[in-house]
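> can't give you the sequence, but here's the structure:
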């Protein structure tokens, strides 16, 4: 009789969040007539009532103490605001309009009521800002603080106008709003001990980077405008880092992308941070994550996209950072040479 | 100058979950034209699209490791099934029909992928059983396992037919489906060490009680039937214990209830458990919690309610356990004498 080898079990950290989502999409998630979009885009989309033309968007983004924040990097007020913002960002990336939110909340028994009220007031205020009604929830005991908001939204238009990632196709240009890499620098500043990194960059820049981490501004008007205007739009929000998000879009569309690294929109604040810390700004822009900007593509040229923003009173900068071409994602330096960029993606399980 | 006293901060455990929800309802939660029900019932209800007649139900019930379950009391399969069931139970208590679910999931990095797949397969299977499509979610790293499903549903009928708790009024009878107290006994059996309690009751009873804890069966058809038939129906699901739920309903309706303790539906299995352990069956029925039965009231008499169930092929037992009368909740013994019942409610923060 032969001795059987015991196989080592496959752990979540070995496949990472994206590996897990791939498994989910492949086999575990149901399809049904009324599901327009299941897993794999920023929000799910169902027709509701069933058989109707109305498109309901649903998204949920968890914020867990120790994973997404600590009380060193967040305050009750910024946490509440961010919990709403990151979910609004998902609806923005679907070109939708957020409507109602429920929130599941887990808090330690010895959590101060006044602090919890601050979390809720901040959520309430953010909801009002984005036209959302906070309608319900569940509050339970938990060792670590957990915020689990679910945001509903609507898409005004036919299903074939949803800005799905899979719409990426050749001859489109790749765009990104705002600047990237700031939020990661902000988090590093918050985590750095006093007297270290923190003091070596000017206060306004330091504050701006920290704000980008703590109080992300979802690009809601931008997302709605883009989805309403372009009929060839793949879009994704930069909750993950740019590198991973470009990869996800490329995979969904089945086409490659050539990204020009010298075109990445990097803020003055981030340049200053990198000067002070010796960090690489391009690496931070690519691998930082949590910027909550929009990444999208269209065959329209940069001047057209910028003109659209300007005509609609939107001051958010937009930059063309690459082209859809070939089969793979390539990262090009200034001279157009593909470089083997060895940054690590922001992955929830593998690190 | 006088020395100021520093006030001790108010902690969550001091006011409990219900104290917190009361604060939420009072001041922190928004009202808007399209919100039919906010916090305070089993699910929120909004008109969607805004201004339309369609009523969308939304509910979220968290399951957190260490608070709601441990891997001693749950398996990946029962956890997945229960995560769906407890949310279906909320839709049932609103007389609604569940439609789509998104799920937020937090898991430790060293969690085994195969076990996570079992959780999802069980959720998927439960969703199919209840006519729900699992449409999306978010999977993140967390020290402790967290499941945060949000379930959407529809209510077929006008808003004034929703079975809200506030509809409790004098001269109604109070009813409960199934039996109560079983789930708490099942959890105790799971937590008891081998050789102790576990072995002193016959295996079929033991198994039944454990199943009641691990695999609650939401009363969906019952809830829909009752809401469709009676136009004076307050209803609530017994996720909390009976004692607390009666109190919530009484408070919402602004009327008292007289509960006849000798009429509480107690299963043979629970009687056997109590014989073996010396526990009080009535106390367990009142203060156990997590039975996921329906508690409701109507002016219709028991024979009418039972006839309705029978005609519609529903075999679930239903019992009349009290009357709506007076201003306060009173617990009456067999001789009709009010007793001061000193059981402790199941509270998420205070214990």
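Perfect, thanks for sending it. Since we're looking at a predicted model, the values are computed, not measured.

> Tell me how chain A divides into domains.
A:12-160, A:163-332 (automatic domain parsing).

> In terms of mean pLDDT, which of those ranks lowest?
By mean pLDDT, the lowest-scoring of the domains of chain A turns out to be domain A:12-160, with a mean of 86.

> gap between it and the chain center?
12 Å (C-alpha atoms, centre = their mean, to the nearest Å).

> quick one: contacts for residue A:75?
A:118, A:214 (C-beta atoms under 8 Å, 6 or more residues apart in numbering or on different chains). For the C-beta atoms, the positions are set from N, CA and C on the backbone; glycine is no exception.

> same deal with residue A:151?
A:43, A:58-60, A:84, A:87-88, A:90-91, A:98, A:100-101, A:132.

> Using the three-state scheme, assign it.
Three-state assignment for residue A:151 (DSSP: H, G, I helix; E, B strand; the rest coil): strand.

> So what sits opposite it in the bridge?
residue A:59, residue A:101 (DSSP bridges).

> What's the separation between it and residue A:42?
In this view, residue A:151 and residue A:42 are 11 Å apart by C-beta to C-beta, to the nearest Å.

> Now do the shared contacts for the two.
Common neighbours of residue A:151 and residue A:42 (C-beta under 8 Å, 6+ apart) are A:59, A:90-91.

> Distance-wise, check the residue nearest to residue A:256 when sequence neighbours are not counted relative to chain B.
The shortest distance from residue A:256 to any non-neighbouring residue, by C-beta to C-beta, 6 or more residues apart in numbering or on different chains, is to residue A:326 (3.6 Å). Distance, residue A:326 to chain B, by C-beta to the nearest C-beta, to the nearest Å: 30 Å.

> In contact with residue A:326, which residues?
Here residue A:326 is in contact with A:255-256, A:258 (C-beta under 8 Å, 6+ apart).

> Can you add distance to residue A:10 and neighbour count and give the residues you listed back as JSON lines?
Compiled in JSON lines, the contacts of residue A:326 are given as follows (distance: C-beta to C-beta, whole Å; neighbours: other C-beta atoms under 10 Å in any protein chain shown):
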{"residue": "A:255", "distance to residue A:10": "30", "neighbour count": "21"}
{"residue": "A:256", "distance to residue A:10": "29", "neighbour count": "16"}
{"residue": "A:258", "distance to residue A:10": "34", "neighbour count": "18"}
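
> residue boundaries of the helices in the stretch 201-350 of chain A?
In the stretch 201-350 of chain A, the helices defined using DSSP state H, counting those that start in this stretch lie at A:203-214, A:220-229, A:242-253, A:268-277, A:281-287, A:302-311.

> closest one to chain B among those helices?
helix A:242-253 (14.4 Å; C-beta to the nearest C-beta).

> And that closest one, what does it pack against?
In this structure, helix A:242-253 packs against strand A:235-237, strand A:257-260, helix A:281-287, strand A:294-298, strand A:329-332, with contacts taken as 3 or more C-beta pairs under 8 Å, 6 or more residues apart in numbering or on different chains; DSSP states H and E.

> mind listing what residue A:284 touches?
Going by C-beta under 8 Å, 6+ apart, residue A:284 touches A:181, A:184-185, A:270, A:273-274.

> List the pairing partners of the strand or helix carrying residue A:137 within its sheet, with orientation.
Under the criterion of DSSP states H and E, residue A:137 resides in strand A:133-141. Within its sheet, strand A:133-141 is paired with strand A:97-107 (parallel), according to DSSP bridges.

> what angle separates the partner strand from helix A:220-229?
If you take axes from the mean of the first three to the mean of the last three C-alpha atoms, to 10 degrees, strand A:97-107 sits at 140 degrees to helix A:220-229.

> Taking the centroid of chain A, which residue is nearest it?
The centroid of chain A falls nearest to residue A:239 when counting by C-alpha atoms, centre = their mean (1.8 Å).

> my guess is that one meets residue A:293, correct?
No - using C-beta atoms under 8 Å, residue A:239 is not in contact with residue A:293; the gap is 9.8 Å.

> where exactly do the helices run in the stretch 1-150 of chain A?
Under DSSP H, counting those that start in this stretch, the stretch 1-150 of chain A gives helices at A:12-23, A:76-92, A:113-129.

> Residues contacting the last one, please?
Think helix A:113-129. Identification of contacts with helix A:113-129 by C-beta under 8 Å, 6+ apart yields A:75-81, A:83-85, A:88, A:101, A:103, A:105, A:107, A:132-134, A:147, A:149, B:9-12, B:14-15, B:20, B:23-24, B:28-30.
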